[in-house]
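Q: Turn this into a structure:
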Amino acid sequence: MQPTDIRAPDYFHKVVDCQWACPAHTAVPEYIRLIAAERYADAFMVNWKSNVFPGILGRTCDRPCEPACRRGRVEDEPVAICRLKRVAADYKGDISSRMPSAPTTRNGKRIALIGAGPASLTVARDLAPLGYHLVIYDGDGRAGGMIRRQIPKFRLPEEVIDEEVGYITAMGPEMRLGQPVDSLKALLAEGYDAVFVGSGAPRGRDLPLPGRREAAANIHIGIDWLSSVSFGHISKIGRRVIVLGGGNTAMDCCRSSRRLGGEDVKVIVRSGFEEMKASPWEKQDAIHEDIPILNYLVPKEFKHRDGVLYGMTFEKVRPEYDAKGRRKLVPTNEPDAFFECDDVLVAVGQENAFPWIERDIGLAFNEWDMPVVDETTFQSTEPRVFFGGDSAFGPKNIIWAVAHGHQAAISIHQFCQDMDVRDRPPPMVTLASQKMGIHEWSYDNDVSLDLRFKVPHRDKLAALKDIKAEVELGFDDKLAFAEAQRCLNCDVQTVFSDALCIECDACVDICPVDCITFTDNGPEAELRTRLNAPAHDLDQALYVSGGLKTGRIMAKDEDVCLHCGLCAERCPTGAWDMQRFLIDVAQADMTRAENACCSK
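A: Predicted coordinates:
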């Protein structure tokens, strides 16, 4: 193997597994250290730069960072990264002076943004400081999109939405709320330099089963029903409620039903419990609120008497796997299951709807009636039109919409400045030694032995009485500090200097996870098999040195390294150093983009 080029921006970025897994690449260990130091406002700003909505995402993110957390490799539970994000938001104090204000000069370019949800708001946040005249259209009277419409207030209080959306609207975009766009052709004719479509996936899938039309008065599409609840149009539901679907929308529907009068609320899913798309903690919260989840039941018919719904029948199925491990559901041939109900909430998926985009404007659609969108630039086949969030590639979480917004903003800026939209600005990367003395470091590298701390919850009976009472109460400062101490500082990298190494093997002796090996070089596949701890995870790189005095090389498996720093503490020559890696992922920035362009 060739020596590892640690100057490559993505090498150590991939080693910081939580940040690499985050679609917006939030500097997770950095803000967790700031929380531990009680620098909550600084921690909030680190989040705000990348994920834009720290208080919102600290309550609602689907947490792709946590399964990647290195802590989960040494014990069952990862660091509570998401809930620590909320701590930064809850304890930050007044940060209004640190927020950018509306620009005093314009650059002459006008951008239309369709939808006032997280993707469009991210684009606006990135482009407003660059002088663009931004016009945001939305059919709702208040900005926020699905954040405001579809997430129950017991999970996300209104005041948190108002605050974090308000930081962006204060940057000066022209807000045309209550004005839905019904013709993209007409909007383009108004002379906008670019258009961003962040309209989400606004249509819930229906179930056209027998009885659906006759009993329609008591059968509701989940996301529409949640919107009606959010805006106060619906304030009660029947005593017996069936929720169909296994995603997070279904969990929001069933928990909302319990708060609006549903006493017998159950979730019925065609798949198994483990295969449900809902986040594990969402399922557990529903079960905690006495909502059973029934699996392997396929809906067959809505039962009604003269149009009055009284129940549903389901076919019982079981999973069957072929030789390649592919699953299909087959009938058990048992009698159908019947459940009484007064209302049914259908939450079996969402899909995009673009009746307002004419098919003769040069914008291509694929076989699924989705716009053809470049996955890097987010540009459509109509060069002026860009997509992001759920409207680009289908329903995902808020953090994905934010990531799309950042990338689309880069492309829109490049496009409007007559630069190649595929020329992505490079990230800014720094490596800084943390050495304070011969064997002392500027960060706390003691490994906490604590297990993951539980987030306090409101009393169940009190929570079920008020649909606006937030259930999760968040960490206080003491619990936040203790949980922050569980972070392994994965961004403080072990950096090796082969010129200083005397091959004493002291680092090998002290390494608690056997991740360091001094051995003969060889092809990667073969070398991985003869390390002190065989390196089976091919997604994690090997850190390989140049040739040492004996002709051997040092190989370190990044997959199992805990970044404890013991190798650097033990090394008598300083061949190992602990260096803090910080990557500033590129966003729309005129100076940086121009410099990147001119450097070629």
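Q: Val74 against Cys561, yeah?
A: No. Counting by Cβ atoms under 8 Å, Val74 does not reach Cys561; the two are 11.2 Å apart. Placement of C-beta: from N, CA and C, glycine included.
Q: Go ahead and name everything in contact with stretch 506-524.
A: Applying Cβ atoms under 8 Å, 6 or more residues apart in numbering, the external contacts of stretch 506-524 come out as 1, 503, 505, 527, 530-533, 542, 544, 547-548, 551-562, 564, 566-567, 569-572, 576.
Q: do you know how far Pro78 is from Ala286?
A: 22 Å (Cβ to Cβ, to the nearest Å).
Q: For burial, what's the neighbour tally of Asp450?
A: The number of residues packed near Asp450 is 11, by other Cβ atoms under 10 Å.
Q: Show the average pLDDT along stretch 443-454.
A: Computed over stretch 443-454, the mean pLDDT rounds to 85.
Q: which residues touch that stretch?
A: Stretch 443-454 is contacted by residues 33, 36, 75-80, 434, 475, 479, 482-483, 485-486, 488-489, 492, 562-565, 578, 580 when judged by Cβ under 8 Å, 6+ apart.
Q: Now, of those, which are buried?
A: 33, 36, 78-80, 434, 475, 479, 483, 485-486, 488-489, 492, 562-565, 578, 580 (16 or more other Cβ atoms under 10 Å).
Q: Name the SS class of Leu582, please.
A: strand (DSSP: H, G, I helix; E, B strand; the rest coil).
Q: related to what we said a few turns ago, inside strands: which ones of the buried ones among the contacts of stretch 443-454?
A: Among those, DSSP state E puts Val492, Met578, Arg580 in strands.
Q: if I look at the last one, how far off is Pro157?
A: Pointing back at Arg580 there. On the measure of Cβ to Cβ, Arg580 and Pro157 end up 35 Å apart.
Q: pLDDT below threshold where in the stretch 1-150 of the chain?
A: Applying pLDDT under 70 to the stretch 1-150 of the chain flags no residue at all.
Q: ditto for the chain
A: Looking along the chain with the criterion set at pLDDT under 70, you get 438-439, 590-600.
Q: What count of nearby residues applies to Val181?
A: The burial count for Val181: 19, using other Cβ under 10 Å.
Q: before we move on, what about the one 10 residues further on?
A: Using other Cβ under 10 Å, Gly191 is surrounded by 8 other residues.
Q: Skipping adjacent residues, who's closest to it in space?
A: Arg110 (7.1 Å; Cβ to Cβ, 6 or more residues apart in numbering).
Q: Go through the ones in strands among the buried ones among the contacts of stretch 443-454 and name the one nearest Asp423.
A: Checking those against Asp423 by Cβ to Cβ gives Arg580 as the nearest, at 29.3 Å.
Q: Identify the residues contacting the helix or strand containing Ile242?
A: Using DSSP states H and E, Ile242 maps to strand 240-244. For strand 240-244, the external contacting residues (Cβ under 8 Å, 6+ apart) are 207, 222, 250, 253-254, 257, 262-269, 299, 312, 339-348.
Q: Going through the residues you listed, which ones are buried?
A: Buried members of the contacts of strand 240-244, counted by 16+ other Cβ under 10 Å: 222, 250, 253-254, 257, 262, 264-269, 299, 312, 339, 341-348.
Q: Next step: those restricted to strands.
A: Those of the buried ones among the contacts of strand 240-244 lying in strands (DSSP E): Asp264, Val265, Lys266, Val267, Ile268, Pro299, Met312, Phe339, Asp343, Val344, Leu345, Val346.
Q: partner residues bridging the fifth one?
A: Ile268 has these beta-bridge partners by DSSP bridges: Leu244, Leu294.
Q: From what I see, it and Pro299 are in contact.
A: Yes. Counting by Cβ under 8 Å, Pro299 is a contact partner of Ile268 at 7.2 Å.
Q: who touches both of those two?
A: Joint contacts of Ile268 and Pro299 (Cβ under 8 Å, 6+ apart) are Leu244, Met312, Phe314.
Q: can I get the residues you listed in JSON lines with distance to Asp466?
A: Listed next are the shared contacts of Ile268 and Pro299 as JSON lines, based on distance: Cβ to Cβ, whole Å:
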{"residue": "Leu244", "distance to Asp466": "26"}
{"residue": "Met312", "distance to Asp466": "29"}
{"residue": "Phe314", "distance to Asp466": "33"}
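Q: that older thread, out of the ones in strands among the buried ones among the contacts of strand 240-244, flag the one nearest to Ser228.
A: Of those, the one sitting nearest to Ser228 (Cβ to Cβ) turns out to be Leu345, at 11.3 Å.
Q: and the gap between that closest one and Glu38?
A: Distance from Leu345 to Glu38, by Cβ to Cβ: 43 Å.
Q: got it, and Leu209?
A: 56 Å.
Q: One more: Met419?
A: Taken as Cβ to Cβ, the span from Met419 to Glu38 is 43 Å.
Q: What of Arg63?
A: In terms of Cβ to Cβ, Arg63 sits 24 Å off from Glu38.
Q: And the two? Which one has more around it.
A: Counted by other Cβ under 10 Å, Arg63 and Glu38 do not tie: Arg63 has more neighbours, with 24 against 14.
Q: The more buried one touches Ala80, doesn't it?
A: No. Arg63 sits out of contact with Ala80 when judged by Cβ under 8 Å, with a separation of 9.2 Å.
Q: Geometric centre of this protein: which residue is closest?
A: Ile399 (3.4 Å; Cα atoms, centre = their mean).
Q: Contacts only, for Gly261.
A: Gly261 touches Lys236, Ile237, Gly238, Arg239, counting by Cβ under 8 Å, 6+ apart.
Q: can you list those in a markdown table and add distance to Pro118?
A: Listed next are those as a markdown table, based on distance: Cβ to Cβ, whole Å:
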| residue | distance to Pro118 |
| --- | --- |
| Lys236 | 30 |
| Ile237 | 28 |
| Gly238 | 33 |
| Arg239 | 36 |
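Q: quick one on the thing from earlier: save the ones in strands among the buried ones among the contacts of stretch 443-454 as a markdown table, and put in distance to Gly389 too.
A: What follows is those, written out as a markdown table (distance: Cβ to Cβ, whole Å):
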| residue | distance to Gly389 |
| --- | --- |
| Val492 | 34 |
| Met578 | 39 |
| Arg580 | 33 |
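Q: Closest one of those residues to Ala21?
A: Val492 (18.2 Å).
Q: mind checking how far the closest one is from Val16?
A: 10 Å.
Q: what does Cys69 give?
A: Cys69 sits 10 Å away from Val16, going by Cβ to Cβ.
Q: Those two: which is more packed in?
A: Neighbour tally, Cys69 and Val16, criterion other Cβ under 10 Å: the higher count belongs to Val16, 27 against 22.
Q: Against Lys316, how distant is the more buried one?
A: Taken as Cβ to Cβ, the span from Val16 to Lys316 is 46 Å.
Q: How about Val28?
A: 44 Å.
Q: likewise Arg212?
A: Arg212 is 21 Å from Lys316, by Cβ to Cβ.
Q: same check, this time on Gln350
A: In terms of Cβ to Cβ, Gln350 sits 27 Å off from Lys316.
Q: Which one's more surrounded, those two?
A: Gln350 (22 against 14).
Q: Distance check, that one against Asp206.
A: 11 Å.
Q: count of residues packed around Tyr167?
A: 18.
Q: did I read that right, it in a helix?
A: Yes. The assignment for Tyr167 is a helix, going by three-state DSSP.
Q: which residues touch it?
A: Counted by Cβ under 8 Å, 6+ apart, Tyr167 has contacts Trp48, Met99, Arg125.
Q: Find the nearest non-adjacent residue to the second one, please.
A: So the one you mean is Met99. Nearest to Met99 is Tyr167, by Cβ to Cβ, 6+ apart, at 5.3 Å.
Q: can you check the first one too?
A: The shortest distance from Trp48 to any residue other than its chain neighbours is 5.9 Å, reached at Pro54 (Cβ to Cβ, 6+ apart).
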